[in-house]
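Q: attaching a predicted model along with its sequence, questions to come.
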Amino acid sequence: MFRKNTRHLQIPLTSHVDELPEPLRQRLRNSWAETFYQEFFCRLDEAPFATLYADIPSRPNVPVNALVALEFLKAANGWTDEEMYNEFCYNIQVRYALGDRHLGEGHFDLRTLYYFRERLARHMQETGENLLEQAFAQVTDAQLEAFSLKTGKQRMDSTLLASNIRQMGRIQLLVTVLQRVHRMLSEEDQQRYADLFAPYRQGHAGQYVYRLKREDFPAHLQRIGEAMRRLLTELEADYGDQPVYQVLARVFAEHFRLEPERLEVKESSELSASSLQSPDDLEATYREKGGRGCRGHVVNVTETCDPENPVQLITRVQVAPNVTDDRVLLAEALPDLKARTGVETLITDGGYGSADNDRLLAEHQVTLIQTAIRGRPRDPERFYLDDFQVGTDATGTPERATCPVGVTAVVTLSGSSQAFVAVFAGDACATCVERYRCPAVLRQRSGERVLRFTVEELRRAARRRQSAQHQQTGRNLRAAVESTVRSVKHPFAGGKLPVRGRFRAACMVIGSAAVVNVRRLHRFLHARLRLLQGKEGSGARRKQGQERLGEPVLLPLFSLIRAVQTLCKPLVTLQPPYCVVFGW
């Protein structure tokens, strides 16, 4: 039975925290645990998780906000499950972050967290909803609103993360699949196919490959293919619905080709990057980036980047097979970002632009600024469509075009209605010194010059123009997202996740991103507090910080709150950073 956790809102009169000496209590309140409790734990809405529990009278659930918080802390700190559980049991900061003031309260067994993950995964399979992703979005939206952060400008970048799988060669992968097929069979069928499986059951798959010479690989691949074809034919009736059989069918189709008279082994160059990399992770794919190969997933991170924001927060995290192109990730994220944050400008690198995305961006009224553009280098001695100024009417239809030297022409729809045409007067172009650089085509009979372009070409030209203008400002707002990506990846040593499968990978990355936001808020709150107290920064900087925080009015209030806390510590729950920043 589902029940919301509101117990933490009632602070007890006495607790284990109160038994700490005053300096240690103050250090605990000023640590990350207080910020995590206030900015994540208290903001998390548990109601969407009610669907995971029975709606009949039964034993109440372990608090959902505690389970989600532990999942996110585990991901952000790179803990194993055992380490996470030890931190929960014995680390007073972790307990404080979860709203527990008594170390003996709120205890549960580690298997409870395993059951919670299982329910989350089952819900994802049945409905396609990742409740942890929704929780991240809900908490982040609340943080953005509480701190009045501007979300009109955002930036995004992608990176690769490896799955927790062994890197296998081609033969090792196929032998591993055959061994699992053997374990799937009944005892009777195992005896029936004993001769077929005999060569592949002498040790693990790596040992099988170790005994081979390179020149023997083609013959062994052919023999494995013949064995797989026989198994697929003869086992379909009894085992066709088994996951192992389906993996067998997949790898056979990926590595072999059936010809009318014989079976052919595909060349290594014919294998797709989306082919199976390991039977332990059916969603992991292969991709090379920066000269390094990765078997796993791609992670796309979006965050705010308005220069007026005192702190920037991650707004969305996506996880997909690493063969997914950046432009696909943008198309997937844009509707949600627009609905949640009202984004108006996206700043990315060159991989996110495409004709389809241009249409989608125009539909959602979002401007894409790329710090680089895909394609061949431009010829500096030529003009291009982005050098022309094309004016549009209220509906966005082109109506006039002005060339780089200032000559204007009316834009009309072509006869086939497939493109737009701008016709420049021949007398103006005949004497133009830049006519040899112009992309407009000369009409021999009339002497006019004609510039033809489509809507897609016009949108592409607009992206190029915006990219050039952004580079001229000398301020690259996209650059800092590289640091954000590094912060999200940091807990995963060597860029390798400790889990397998896209869903578990997404849960880990989302948890890491959520705690990155909390850490940023923690630094921001306490930096502003120290400025307000005049403990750091130059005189001008302190004065500026105090003015932004309303020092003339709030500093006496701050002193009053301090005095009340000293006299009635068990009764006062508001902490100075939040009182000051929010003006409570």
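A: That came through fine. Keep in mind the model is a prediction, meaning the values are calculated, not measured.
Q: and stretch 227-246, how far out from the chain's middle?
A: Chain-centre distance of stretch 227-246: 37 Å, with CA atoms, centre = their mean, to the nearest Å.
Q: which positions in that stretch come out as buried?
A: For stretch 227-246, the neighbour count (16 or more other CB atoms under 10 Å) marks 227, 228, 231, 232, 235, 239, 244, 245 as buried. The C-beta positions use only the backbone N, C-alpha and C, and glycine is treated the same way.
Q: remind me which helix or strand the second one belongs to.
A: It stands for residue 228. helix 217-239 (DSSP states H and E).
Q: cool, residue 518 as well?
A: Using DSSP H and E, residue 518 maps to helix 502-533.
Q: also residue 468?
A: Taking DSSP H and E as the criterion, residue 468 maps to helix 455-472.
Q: beyond that helix, next helix or strand please.
A: Sequence-wise, the next helix or strand downstream of helix 455-472 (DSSP H and E) is helix 481-489.
Q: and that following helix, how far from the chain's centre?
A: 11 Å.
Q: just checking, what packs against that helix?
A: Helix 481-489 sits against strand 153-162, strand 292-304, strand 314-321, helix 502-533, with contacts defined as 3 or more CB pairs under 8 Å, 6 or more residues apart in numbering; DSSP states H and E.
Q: out of the ones you listed, which gets nearest to residue 437?
A: Closest of the helices and strands packed on helix 481-489 to residue 437 is strand 153-162, at 34.1 Å (criterion: CB to CB).
Q: show me how far the closest one is from its chain's centre.
A: 6 Å.
Q: give me the mean pLDDT for it.
A: Averaging pLDDT along strand 153-162 yields 95.
Q: now that strand and strand 292-304, what's the angle there?
A: Put simply, strand 153-162 runs at 150 degrees to strand 292-304, going by axes from the mean of the first three to the mean of the last three CA atoms, to 10 degrees.
Q: could you chop this structure up by domain?
A: According to automatic domain parsing, the chain is divided into the following domains: 1-129, 134-165+284-371+476-533, 170-270, 385-455, 534-582.
Q: most packed of those?
A: Sort those by mean neighbour count, taking mean count of other CB atoms under 10 Å, and domain 134-165+284-371+476-533 sits at the top with a mean of 19.
Q: for stretch 522-529, give the mean pLDDT please.
A: In this model, stretch 522-529 has a mean pLDDT of 89.
Q: try stretch 441-457
A: 85.
Q: run the chain-centre distance for stretch 435-445.
A: 47 Å.
Q: what's it in contact with?
A: With CB atoms under 8 Å, 6 or more residues apart in numbering as the test, stretch 435-445 has contacts from 381-385, 403, 422, 424, 426, 429, 432, 448-452.
Q: pLDDT below threshold where in this protein?
A: 474, 534-584 (pLDDT under 70).
Q: can you give me the strands for the chain?
A: With DSSP state E as the criterion, the chain has strands at 153-162, 256-258, 263-265, 285-289, 292-304, 314-321, 345-348, 367-370, 389-392, 398-402, 408-413, 420-424, 441-442, 449-453.
Q: out of these, which comes closest to residue 170?
A: Set against residue 170 and scored by CB to CB, the strands of the chain come closest in strand 263-265, at 9.5 Å.
Q: please name the nearest non-neighbouring residue to residue 255.
A: Using CB to CB, 6 or more residues apart in numbering and skipping the chain neighbours, the partner closest in space to residue 255 is residue 266 (5.7 Å).
Q: now the one you found: phi and psi?
A: The phi/psi pair for residue 266 (degrees, to the nearest 10) reads phi -70, psi 150.
Q: and for residue 150?
A: For residue 150, the backbone dihedrals (degrees, to the nearest 10) come out as phi -80, psi 130.
Q: does residue 131 touch residue 48 like I think?
A: Yes: under the criterion of CB atoms under 8 Å, residue 131 makes contact with residue 48 at 5.8 Å.
Q: report the contact partners of residue 393.
A: For residue 393, the contacting residues are residue 399, by CB under 8 Å, 6+ apart.
Q: can you tell me how far the closest residue to residue 313 other than its chain neighbours is from residue 418?
A: Excluding the flanking residues, the one nearest residue 313 by CB to CB, 6+ apart is residue 517, at 4.9 Å. Residue 517 sits 48 Å away from residue 418, taking CB to CB, to the nearest Å as the criterion.
Q: check what contacts the helix holding residue 468 and list those residues.
A: When contacts are defined by CB under 8 Å, 6+ apart, helix 455-472 is touched by residues 347, 353, 355, 358-359, 362, 367-373, 384-386, 388, 390, 398, 420, 453, 476-477.
Q: in it, what counts as buried?
A: Within helix 455-472, the residues that qualify as buried are 455, 457-467, 470, counting by 16+ other CB under 10 Å.
Q: with distance to residue 152 added, can I get the residues you listed in a markdown table?
A: As requested, these are arranged in a markdown table below (distance: CB to CB, whole Å):
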| residue | distance to residue 152 |
| --- | --- |
| 455 | 25 |
| 457 | 28 |
| 458 | 24 |
| 459 | 21 |
| 460 | 24 |
| 461 | 24 |
| 462 | 19 |
| 463 | 18 |
| 464 | 22 |
| 465 | 20 |
| 466 | 15 |
| 467 | 19 |
| 470 | 15 |
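Q: what is the nearest of the residues you listed to residue 409?
A: Comparing the buried residues of helix 455-472 against residue 409 with CB to CB places residue 458 closest, at 14.7 Å.
Q: how close does that closest one sit to residue 452?
A: With distances taken as CB to CB, residue 458 is found 11 Å from residue 452.
Q: find residues that contact each of the two.
A: Common contacts of residue 458 and residue 452 (CB under 8 Å, 6+ apart): residue 420.
Q: related to what we said a few turns ago, distance between the helix holding residue 518 and the chain's centre?
A: 15 Å.
Q: quick one on the thing from earlier: relative to residue 278, which of the domains of the chain is closest?
A: domain 134-165+284-371+476-533 (3.9 Å).
Q: how long is the closest one end to end?
A: The first residue of domain 134-165+284-371+476-533 is 38 Å away from its last residue (CA to CA, to the nearest Å).
Q: repeat for stretch 256-274
A: Terminal residues of stretch 256-274 are spaced 15 Å apart (CA to CA).
Q: can you tell me what sits against it?
A: Contact partners of stretch 256-274, identified using CB under 8 Å, 6+ apart, comprise 170, 218, 221-222, 225-226, 228-229, 254-255, 285-287, 321, 323.
Q: got it, and stretch 224-239?
A: 171, 174-175, 178, 181, 184-185, 189, 193, 196, 245, 248-249, 251-252, 255-256, 258, 263, 265.
Q: same check on stretch 192-207?
A: Taking CB under 8 Å, 6+ apart as the rule, stretch 192-207 contacts 168, 171-173, 175-176, 178-179, 182, 185, 190, 208, 227, 230-231.
Q: select, from these, the two members most distant in space.
A: 168 and 190 (24.0 Å).
Q: I'd like to know how far residue 467 sits from residue 301.
A: Counting by CB to CB - residue 467 and residue 301 are separated by 21 Å.
Q: got it, and residue 182?
A: Residue 182 is 43 Å from residue 301, by CB to CB.
Q: got it, and residue 504?
A: With CB to CB as the criterion, residue 504 and residue 301 are 18 Å apart.
Q: and for residue 136?
A: Per CB to CB, residue 136 is found 12 Å from residue 301.
Q: shared neighbours of those two, anything?
A: Joint contacts of residue 136 and residue 301 (CB under 8 Å, 6+ apart) are 317, 513.
Q: no more questions from me, cheers.
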